[in-house]
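Peer 1: Let's see this in three dimensions:
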Amino acid sequence: MLARTLALVLILPAALAAQRPTTAADVRRVLAPLADDSMAGRLTASPGEAKAARFIAAELQRIGLKPMGDSGWFQRVPLAAVPLAQPRRGRTERLVLMKTFADRDTFPTERRRTAVNVIGLLEGSDPQLKGEYVLITAHFDHVGIGPAVNGDSIYNGADDDASGVATALEIARQLAERPAPKRSVLFALWTGEEMGMLGTRWFIENPVVPFGQIVANMEIEMIGRPDSLAGGAGKAWLTGFERSNMGEQLAAAGIPIVADKRPEQNFFERSDNIALARRGIVAHTLSTFNLHADYHRPSDDMRGMDLEHMAAVINAAARATQILADGPKPAWKPGGQPSAPAARP
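Peer 2: Just a heads-up that it's a prediction; the model follows:
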């Protein structure tokens with residue numbers, strides 16, 4: 001028995017060693033294309049966002065995940081463009097999520113839009129637990145082209161949220177290079193967060209796996225720069241930390257995260273996780289956003305990204321995902337789950 005135990009102890013580090021940590025070069029390889037001017041700010045349902053979706057899908061395929069959309073890697077999302085009574089930030093229309101594609105097709109052709117979520121699956125290894133899912137998410141849309149600031153009109157969204165997409169892709173790559181975790185891990189890169197969480201809302205009503213079997217969600221949003229309130233480079237915070245035991249479980253396992261130090265900003269309710277949390281999934285957002293002045297400005301580009309910091313946070317997030325996939329299911333604390341939303345008209 002002792003010999004067998006020693007053998008297992010020796011095998012485990014070898015398995016972990018097969019997983020190559022993320023480096024600053026890895027971050028740049030994925031982040032730079034997503035934040036490039038050629039993506040034109042990744043506005044929902046725009047050619048630039050479609051180009052970003054194809055890039056993400058190619059990465060998921062390269063990593064070796066299983067496509068989980070209704071069209072390969074893509075889960076199509078039906079939208080309609082509705083004129084605005086008053087133009088806003090140069091926009092003359094807003095996008096509305098339709099209940100079905102048939103509903104979308106009641107609109108004139110020129111007002112029909114289709115965006116996509118990009119979704120891939122890493123199947124779990126445990127016969128009993130592989131039917132449960134840890135959901136790792138980030139949104140890949142941004143706000144497109146807008147009013148020029150210092151001659152620049154492309155809102156690249158390097159931090160918001162190309163940084164989160166790069167994190168999700170590197171988590172997928174790391175986990176795919178090691179023995180599969182017990183639970184399955186579903187990676188969903190959302191469209192339309194900036195337009196009202198359109199992609200997440202469509203996924204909730206049209207899940208690609210049984211919705212009740214998603215045991216946890218970790219959204220990654222804006223990790224491009226260190227936050228001194230979280231402890232500086234390589235450290236992150238978790239929104240709604242006090243609402244469930246997820247953050248405590250991860251911190252106890254050595255993941256360098258703390259509670260959100262800016263509760264007055266209501267960050268727990270300002271990313272896609274909130275839509276999932278209101279439906280019962282223990283869902284939080286991992287971030288290092290330090291309230292920098294480039295938020296939703298053309299200056300949110302690669303020049304402001306701290307790639308070494310990002311690599312450290314990504315490596316911690318990959319370990320956190322492994323813990324969620326192999327360990328106890330996180331649970332809401334009493335009163336911690338947010339109330340369900342009111343019915344939409």
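
Peer 1: show me where the stretch 201-345 of the chain has helices.
Peer 2: Under the criterion DSSP state H, counting those that start in this stretch, the stretch 201-345 of the chain carries helices at the ranges 246-252, 273-277, 307-326.

Peer 1: Buried ones in the first one, by neighbour count?
Peer 2: The reference is to helix 246-252. M246, G247, E248, Q249, L250, A251 (16 or more other CB atoms under 10 Å). (Each C-beta comes from the backbone N, C-alpha and C, glycine too.)

Peer 1: Do you know the pLDDT at the residue nearest in space to the middle of the chain?
Peer 2: Geometric centre of the chain, nearest residue: A138, 1.5 Å, by CA atoms, centre = their mean. pLDDT recorded at A138 is 98.

Peer 1: which one is it nearest to, not counting chain neighbours?
Peer 2: Once flanking residues are discounted, A138 sits nearest to G164: 3.1 Å by CB to CB, 6 or more residues apart in numbering.

Peer 1: Counting neighbours, what do you get for that neighbour?
Peer 2: G164: 30 surrounding residues under other CB atoms under 10 Å.

Peer 1: how near is it to R270?
Peer 2: Counting by CB to CB, to the nearest Å, the gap from G164 to R270 is 13 Å.

Peer 1: Closest to W190 out of the buried residues of helix 246-252?
Peer 2: Distance to W190 across those (CB to CB) is lowest for M246, with 19.9 Å.

Peer 1: quick one: the closest one and L238 touch, right?
Peer 2: Yes. M246 lies in contact with L238 (CB atoms under 8 Å); the separation is 7.2 Å.

Peer 1: Quick one: the helices in the stretch 1-150 of the chain, in order.
Peer 2: Applying DSSP H, counting those that start in this stretch to the stretch 1-150 of the chain gives helices spanning 2-17, 24-34, 47-63, 101-104.

Peer 1: what comes into contact with the shortest one?
Peer 2: Put plainly, it is helix 101-104. R76, P78, L79, A80, M98, R112, R113, T114 (CB atoms under 8 Å, 6 or more residues apart in numbering).

Peer 1: and those, which are buried?
Peer 2: R76, P78, L79, A80, M98, R112, R113.

Peer 1: Looking at those, which one is closest to P47?
Peer 2: Comparing the buried ones among the contacts of helix 101-104 against P47 with CB to CB places R113 closest, at 11.8 Å.

Peer 1: Next, the contact list for that closest one, please.
Peer 2: Contacts for R113 (CB under 8 Å, 6+ apart) come out as A45, P78, L79, A80, A81, L95, R104.

Peer 1: of those, closest to R279?
Peer 2: The closest of those to R279 turns out to be P78 (CB to CB; 20.2 Å).

Peer 1: If I look at the closest one, what pLDDT would I see?
Peer 2: Note for P78: predicted pLDDT of 98.

Peer 1: Go ahead and confirm it touches T100.
Peer 2: Yes. Between P78 and T100 a contact is recorded at 6.7 Å, counting by CB under 8 Å.

Peer 1: picking that back up, tilt between the helix or strand hosting the residue nearest to A138 and helix 307-326?
Peer 2: Here G164 sits within helix 163-176, counting by DSSP states H and E. Helix 163-176 and helix 307-326 are oriented at 50 degrees to each other (axes from the mean of the first three to the mean of the last three CA atoms, to 10 degrees).

Peer 1: Can you name the element that comes right after helix 163-176?
Peer 2: strand 184-190.

Peer 1: which of the contacts of helix 101-104 sit farthest apart?
Peer 2: Greatest spatial distance among the contacts of helix 101-104 (CB to CB): R76 and A80, at 13.8 Å.

Peer 1: and T200, that one's in a strand?
Peer 2: No. Using DSSP: H, G, I helix; E, B strand; the rest coil, the assignment for T200 is helix, not a strand.

Peer 1: gap between it and L135?
Peer 2: Separation of T200 from L135 (CB to CB): 10 Å.

Peer 1: intersection of neighbour lists for these two?
Peer 2: In contact with both T200 and L135: L276, using CB under 8 Å, 6+ apart.

Peer 1: by contact count, what packs against the lengthiest strand in the chain?
Peer 2: Ordering each strand of the chain by length in residues (DSSP state E) puts strand 74-88 first. The contact analysis (3 or more CB pairs under 8 Å, 6 or more residues apart in numbering; DSSP states H and E) places strand 74-88 against strand 91-97, helix 101-104, strand 112-122, helix 198-205.

Peer 1: one step back: for the contacts of R113, give me CSV that also has distance to K182.
Peer 2: As requested, the contacts of R113 are exported to CSV (distance: CB to CB, whole Å):
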residue, distance to K182
A45, 37
P78, 35
L79, 37
A80, 42
A81, 44
L95, 39
R104, 39
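
Peer 1: And those, which is closest to S153?
Peer 2: Here the nearest of those to S153, counting by CB to CB, is A45; it sits at 19.1 Å.

Peer 1: Below-threshold pLDDT in the stretch 1-150 of the chain: ranges please.
Peer 2: Flagging of the stretch 1-150 of the chain using pLDDT under 70 yields the residue ranges 1-19.

Peer 1: circling back to that earlier point, which residues are in contact with both of M246 and L238?
Peer 2: Taking CB under 8 Å, 6+ apart as the contact rule, M246 and L238 both touch H284.

Peer 1: Show residues contacting stretch 252-264.
Peer 2: 227, 229-231, 234-242, 247, 250-251, 267-268, 286-287, 291, 316, 319-320, 323, 327.
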